[in-house]
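> Build me a structure from this.
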Amino acid sequence: MSNQEAPLAVRVRPLSLEEFVGQNHILGEKKLLKRIIHSGKFPPLIFYGPPGSGKTTLGFIIARRINAKFKHLNAAFSSVGEVKKILEEAREKLERNVKTILFIDEIHRFNKLQQEALIPDTELGTIIFIGATIYNPHYYLIPSLISRSVVSQFKPLNKEEIIIILRKALQDKERGLGNLNVKITDKALEYIAVNCAGDARKALSSLEIGALTTPVHNDGQIIFNLEVAKETIQKNIFYDKRDSYHYDTISAFIKSIRGSDPDSALYWLAKMLAGGEDPRFIARRLVILASEDIGNANPFALVLATSAFGAVEFVGMPEANLILAQATIYLACSSKSNSCYRAISQALDDIEEGKIKEVPPHLKTYAKTYKYPHHYLKEVKDIGGYVKQDYGTKRKYYFPQGIGEEKKIKEFLAYLEKLK
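Residues are numbered from 1 along each chain as shown. Reported below is the predicted structural model:
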């Protein structure tokens, strides 16, 4: 395939660090990765982040910069035999002072033995190893490989960065679309930039499809407007249920509810549902939140969350999203108290620290000295049966807040303290 027959995203790939767009948090001035590249002294590198964020492109740039052979493998389709063959060739080239970059895409697909096979040659300097993955490597790669590597997280490109990349492709007459006389509207550019989910490859592919399939006007121009942009880009959501994106999103969801922001909570809920998250997982987290963050400030929250969990299992998707939305809104708009959570946490800490008490004799089974509170109705008429009695600890764990229904509990316990 000639360069002109390659996809636009391949043709306009930056050739130097100066042309590279985005990832300033790792490639800005004085940042570690940029210092490494300028020094020419490369430890093993691991790039992780969403598709189209520049991981492979940066690998090409590094190889070009140091005049090294660039060997690209995809771990999904590669064997240990292929890796060993490249390592043998790299040893031969190194004798002639030719460096080899072994770039392994989807490195998370290599098993433990395959990953371990890379370590000796990375330590000896036979190759410059770069592994790339869309997943957090700390979940997938062996510790011995992680500990030897500089790990760099790539982030989705923002709207402005995508627009810069698209404009460069439109202006480039040698590798891009500069010879097609494409007239693109600002709204079309912005629509692609917003809906490509930070993926430069997806944005460029949409631009190329639109430019090549839109009829040429009599004046020789290709009018690339908002309608063309909407037709050529398919919205996607980068969300993986097995990885840190999964945990980060559910974290944002829970924190939004805890912070009483129903709108943000609904957004994160929608992202999880659109990304294929198990609705039962979301429902379980709502049940936990109802006790941890709301508790007795609104005891009905737990009833509703538990009911929602059962309804989600019974109804299933897609209608279950309505049930989850209702529960989310109710919990977000409810009074909040973490008194129950703090109480049981402190009690468990005491047990863990060895503060173990024996059951008092009057509380043991069939104890004759136990005072049955319901026999003392006349003692305190307005709260039911109550009698002063030692129940095993003087330590206070539960400190109700004066919020919602918990305010009544606080007043009740304060009244009992006066009786004592």
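> So which residues of the chain form strands?
Taking DSSP state E as the test, the strands found in the chain are 45-48, 69-74, 100-105, 128-133, 150-153, 182-184, 222-224.
> wait, which of the ones you listed is closest to residue 115?
Residue 115 lies closest to strand 128-133 among those, at 8.7 Å (CB to CB). All C-beta atoms are positioned from the backbone trio N, CA, C, and that covers glycine.
> Relative to the whole chain's centre, how far out is that closest one?
Relative to its chain's centre, strand 128-133 lies at 21 Å (CA atoms, centre = their mean, to the nearest Å).
> Equivalent analysis for stretch 326-337, please.
Offset of stretch 326-337 from its chain centre (CA atoms, centre = their mean): 24 Å.
> for that stretch, which positions count as buried?
327-332, 334-337 (16 or more other CB atoms under 10 Å).
> Could you export those residues to JSON lines, including columns for pLDDT?
As requested, these are arranged in JSON lines below (pLDDT from 0 to 100):
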{"residue": "327", "pLDDT": "96"}
{"residue": "328", "pLDDT": "96"}
{"residue": "329", "pLDDT": "96"}
{"residue": "330", "pLDDT": "95"}
{"residue": "331", "pLDDT": "96"}
{"residue": "332", "pLDDT": "95"}
{"residue": "334", "pLDDT": "94"}
{"residue": "335", "pLDDT": "92"}
{"residue": "336", "pLDDT": "94"}
{"residue": "337", "pLDDT": "93"}
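> Now go through those and say which are in helices.
Mapping the buried residues of stretch 326-337 onto helices (DSSP state H) picks out 327-332.
> Give me the contacts around stretch 169-184.
3, 8, 11-12, 166, 168, 204, 207-208, 211-212, 216, 220-225 (CB atoms under 8 Å, 6 or more residues apart in numbering).
> Go again with 7 Å.
8, 11-12, 168, 204, 207, 211, 220-224 (CB atoms under 7 Å, 6 or more residues apart in numbering).
> for stretch 360-375, same thing?
385-387, 389-392.
> where does the nearest residue to residue 61 once chain neighbours are set aside land on pLDDT?
Computed as CB to CB, 6 or more residues apart in numbering, the closest residue to residue 61 that is not its neighbour in sequence is residue 17, at 5.7 Å. For residue 17, the pLDDT comes out at 91.
> neighbours around residue 17, how many?
15 (other CB atoms under 10 Å).
> if we can go back for a sec, is it possible to export the strands of the chain to TSV including mean pLDDT, mean neighbour count and distance to residue 200?
Formatted as TSV, these follow (pLDDT from 0 to 100; neighbours: other CB atoms under 10 Å; distance: least, CB to CB, whole Å):
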stretch	mean pLDDT	mean neighbour count	distance to residue 200
strand 45-48	94	25	14
strand 69-74	90	16	18
strand 100-105	91	24	16
strand 128-133	92	25	15
strand 150-153	93	17	17
strand 182-184	91	19	16
strand 222-224	90	19	18
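> can those strands go into CSV with extra columns for distance to residue 252?
As requested, these are arranged in CSV below (distance: least, CB to CB, whole Å):
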stretch, distance to residue 252
strand 45-48, 20
strand 69-74, 32
strand 100-105, 29
strand 128-133, 22
strand 150-153, 17
strand 182-184, 34
strand 222-224, 35
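> And those strands: which comes nearest residue 248?
strand 150-153 (12.0 Å).
> out of the strands of the chain, which comes closest to residue 253?
Proximity to residue 253 (CB to CB) singles out strand 150-153 among these, at 21.6 Å.
> State the distance from the residue of the chain most remote from its centre to residue 386.
Distance to the chain centre peaks in the chain at residue 378, reaching 59.4 Å (criterion: CA atoms, centre = their mean). From residue 378 across to residue 386, the span is 11 Å (CB to CB, to the nearest Å).
> cool, and residue 40?
As judged by CB to CB, residue 40 and residue 386 stand 79 Å apart.
> the more surrounded of the two?
Higher neighbour count among residue 40 and residue 386: residue 386, with 17 against 11, using other CB under 10 Å.
> isn't that one right next to residue 376, touching?
Yes - counting by CB atoms under 7 Å, residue 386 does reach residue 376; the two are 6.3 Å apart.
> confidence score at the nearest residue to residue 389 once chain neighbours are set aside?
Nearest residue to residue 389 in three dimensions, chain neighbours excluded: residue 371, at 5.1 Å (CB to CB, 6+ apart). pLDDT, residue 371: 88.
> next one: the one 5 residues further on
pLDDT recorded at residue 376 is 79.
> From the chain's centroid, how far away is stretch 333-351?
With CA atoms, centre = their mean as the basis, stretch 333-351 stands 27 Å off its chain's centre.
> got it, and stretch 180-198?
Computed by CA atoms, centre = their mean, the chain-centroid distance of stretch 180-198 equals 27 Å.
> Pull up the distance across it, start to finish.
25 Å (CA to CA, to the nearest Å).
> buried stuff in that stretch?
The neighbour-count check on stretch 180-198 (16+ other CB under 10 Å) flags 180, 182, 184, 188-198 as buried.
> how many neighbours does residue 295 have?
Residues near residue 295, counting by other CB under 10 Å, number 27.
> Name the nearest residue to it, sequence neighbours excluded.
residue 340 (3.9 Å).
> Dump the buried residues of stretch 326-337 to CSV, plus distance to residue 98.
Formatted as CSV, these follow (distance: CB to CB, whole Å):
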residue, distance to residue 98
327, 62
328, 58
329, 63
330, 65
331, 62
332, 60
334, 66
335, 69
336, 63
337, 67
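> Nearest to residue 86, out of these: which one, please.
Nearest to residue 86 out of the buried residues of stretch 326-337 is residue 328 (CB to CB; 50.5 Å).
> Any regions of the stretch 301-420 of the chain where pLDDT drops low?
Per-residue confidence for the stretch 301-420 of the chain (pLDDT under 70) gives these ranges: 379-381, 420.
> give me that answer again for 50
Applying pLDDT under 50 to the stretch 301-420 of the chain flags no residue at all.
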